[in-house]
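> I need the structure of the sequence given here:
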Amino acid sequence: MSSKETEGLLAGSVEQAYLENRSAGGKRRTEALGALQAMYVFQFCGSLAYGMWAVISPYFLEARGYSTVGAANMYTMAWVAYNVGQIIMSPIAGDIADGHGRRPVFLASAFVVTIFFLTFVYPASWWWITGSFFQGAADVSWGLANAVVVDCVGQGVVPGGAEDWAPIRAFRAVATGLRHDTLDDNVRQELAVAMESVWILGGAGALVGSALAYPVWTYFNDGAAMAFPGVFYATLLWFAYEKFPETRPDQAAAQRLDSPAAVGAAIRDGIASQAEAIPLVLRDRRAAWLVGSYFTLYVVMTGLLNIGIYWGQATFGWGIESGTVFTCLSIAAPFVGAVAASAALFPSSLRYARSVALLLALSIVGSLAVGFLDDSAAALTLVPLATVGWGVFPTLTALLTPEASGDQQGHLQGTLLCALWATTNVGGLVGLGLYLLVYNATAGAAPPTGSAVWLLSAGGMAIAALCALAAGEPEQEAFSLVKFVRSGRVSVPDANI
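Numbering: from 1, shown residues only. Sure, this is the predicted structure:
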């Protein structure tokens, strides 16, 4: 695709729409606020279901006869299949949502995810892998959630605004250093707060779900416990049907998906549009470095969340109590990181790239520390330090978002997820495969050998930090590691971003 064609995709930016609509009122603004609040509930409750499922799964598989290592291998292959499904379908679904509306795609996604959640009570390895692929292909909620959030910001409705719920207003005040009134002329900062709000609500849901996994597993038989997340997700599907309005910017131009032929045509158009994907996401050198940082960090996060409980089982003999604590800590710590990143970003001279790098540096130290411990309690105590840097995800997403036009947001967020999760398919699969390979080679060995997955994570986060620094700040010369080290500086003068 030529540079002119790429520029055409990015015309009519979200920033322009935001500046035009932030003082407007009317029905569209009311609907946008309703959509934003519905998205809060959906992301919290949807992540709650996944949090329960992630903690229950290892113990369910062992209860059905799998060894710890066997369960780890099957679960990892299922996760790989899930990611392949998302890699293939997220950009296609985003493009369909741009042409036909967010609501129908969102509801179809939630319905299919519910069905597959319920089917994982059948523990055959072939089904877990196959079912995970189709569930991943259907689960496009995060990409669509980002698109909906940008739709709402484009309508001038921002999380934590005067009309929003009190907890979100409180988060906005804390996350921006109590300077939330001064953000009104900067859409990039508004998008950062918006995405962090939804991301943190999703993480809070996963945290609650992880904590609920223990009583669910204790008070239900293994089959009922495994099906419980699907039953819960079914109630969420009903909520989305009742409460989630359409947010597509140009609703009058939306095409209806009212027949099999229309659905088939939409899928064909979505596939054909993928020729636009790489130029749309990797539109310049800085965006490419940011994608590299996000992608590398995502590989680290999925690797540890995927293998962490199995590592604890093999190294320290963790039961579901310790597994629940590990998962809760791994999810809670990035909340702190996200708030810290926000508070550092807006009022501070650290600015984006260096704030990201400093948080990742904390997690590198934490990962190295956990890798050399031989005590379970001490290792669990340091897990928050090792995972706090994951809180930079929404910041990186916001940095990649504002330049695209509103009617391209579904496609951008879908292709963004595709690019972030697999700049190439091989990159993502090799990342998960590498964690599994390291785990299989070191499971049960005494630390530090048995904790090699944490050392691998430290290396991955170092790469992510260097990519963020290489991206630099807007309107700033390219980062030079040599100059940075020689200068002895970790900040730059205050400037508008």
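> so where is the stretch 301-450 of the chain shaky, pLDDT-wise?
The stretch 301-450 of the chain contains residues with pLDDT under 70 at 339-352, 394, 397-431.
> one more time with 80, if that's ok
Counting by pLDDT under 80, the stretch 301-450 of the chain has low-confidence residues at 302, 306, 335-355, 393-434, 444-450.
> Which residue ranges of it form helices?
Per DSSP state H, counting those that start in this stretch, the stretch 301-450 of the chain carries helices over the ranges 320-345, 351-371, 376-387, 393-399, 409-421, 425-442.
> Same question for the stretch 101-250 of the chain.
In the stretch 101-250 of the chain, the segments counted as helices under DSSP H, counting those that start in this stretch are 102-119, 125-138, 141-154, 166-175, 187-219, 222-243.
> Make CSV out of these and add distance to L380.
Every C-beta, even on glycine, is put in place using the N, C-alpha and C of the backbone. Formatted as CSV, those follow (distance: least, C-beta to C-beta, whole Å):
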stretch, distance to L380
helix 102-119, 29
helix 125-138, 28
helix 141-154, 28
helix 166-175, 27
helix 187-219, 14
helix 222-243, 23
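> most packed of the ones you listed?
Among the helices of the stretch 101-250 of the chain, the stretch with the highest mean neighbour count (mean count of other C-beta atoms under 10 Å) is helix 141-154, at a mean of 27.
> Compute the inter-axis angle for that helix and helix 102-119.
Computed by axes from the mean of the first three to the mean of the last three C-alpha atoms, to 10 degrees, the angle separating helix 141-154 from helix 102-119 equals 150 degrees.
> Check the offset of helix 141-154 from the chain's centre.
Between the centre of helix 141-154 and the centre of its chain there are 13 Å (C-alpha atoms, centre = their mean, to the nearest Å).
> pLDDT of it, averaged?
The average pLDDT within helix 141-154 is 78.
> Quick one: list the elements packing against that helix.
helix 14-21, helix 27-63, helix 68-100, helix 102-119, helix 187-219, helix 409-421 (3 or more C-beta pairs under 8 Å, 6 or more residues apart in numbering; DSSP states H and E).
> and the fourth one, what other elements does it pack with?
The elements that helix 102-119 packs onto, with contact taken as 3+ C-beta pairs under 8 Å, 6+ apart, are helix 27-63, helix 68-100, helix 125-138, helix 141-154, helix 222-243.
> CA atoms only for the fourth one, dumped as CSV, please.
Going back to what we said before, that points to helix 141-154. Backbone C-alpha positions of helix 141-154 (Å, rounded to 0.1, in the frame of the first residue of the first chain) are rendered in CSV as follows:
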residue,chain,number,x,y,z
SER,A,141,-14.1,-8.3,22.8
TRP,A,142,-10.9,-6.5,23.7
GLY,A,143,-10.3,-5.1,20.2
LEU,A,144,-13.9,-4.1,20.0
ALA,A,145,-13.8,-2.6,23.5
ASN,A,146,-10.9,-0.4,22.5
ALA,A,147,-12.8,0.7,19.4
VAL,A,148,-15.9,1.5,21.5
VAL,A,149,-13.8,3.5,23.9
VAL,A,150,-12.3,5.5,21.1
ASP,A,151,-15.8,6.0,19.6
CYS,A,152,-17.0,7.5,22.9
VAL,A,153,-13.9,9.7,23.3
GLY,A,154,-14.6,10.9,19.7
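> Now do it and helix 27-63, the angle between them.
Counting by the same axes, to 10 degrees, helix 141-154 points 160 degrees away from the direction of helix 27-63.
> rewinding a little: and of the helices and strands packed on helix 102-119, who's closest to G319?
With C-beta to C-beta, the closest approach to G319 among these belongs to helix 27-63: 8.3 Å.
> How about the closest one, which residues are buried there?
Within helix 27-63, the residues scored as buried using 16 or more other C-beta atoms under 10 Å are 28-29, 31-61, 63.
> ok, back up a step: distance to V193 for the helices and strands packed on helix 102-119 - can I get that in TSV?
Formatted as TSV, these follow (distance: least, C-beta to C-beta, whole Å):
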stretch	distance to V193
helix 27-63	12
helix 68-100	22
helix 125-138	29
helix 141-154	9
helix 222-243	23
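> Out of these, which is closest to L382?
L382 sits nearest to helix 27-63 of all these, at 20.1 Å, using C-beta to C-beta.
> Next, the angle from that closest one to helix 222-243.
Using the same axes, to 10 degrees, the direction of helix 27-63 lies 170 degrees away from that of helix 222-243.
> In terms of secondary structure, what does helix 27-63 contact?
Contacts defined by 3+ C-beta pairs under 8 Å, 6+ apart place helix 27-63 against helix 68-100, helix 102-119, helix 141-154, helix 187-219, helix 222-243, helix 285-316, helix 320-345.
> Any chance of the ones you listed in CSV with distance to E163 as columns?
As requested, the helices and strands packed on helix 27-63 are exported to CSV (distance: least, C-beta to C-beta, whole Å):
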stretch, distance to E163
helix 68-100, 25
helix 102-119, 21
helix 141-154, 12
helix 187-219, 14
helix 222-243, 16
helix 285-316, 31
helix 320-345, 21
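> and F372, which of these is closest to it?
Set against F372 and scored by C-beta to C-beta, those come closest in helix 285-316, at 12.4 Å.
> Lowest average pLDDT across the helices and strands packed on helix 141-154?
helix 409-421 (a mean of 52).
> Having no further points to raise, I will conclude here.
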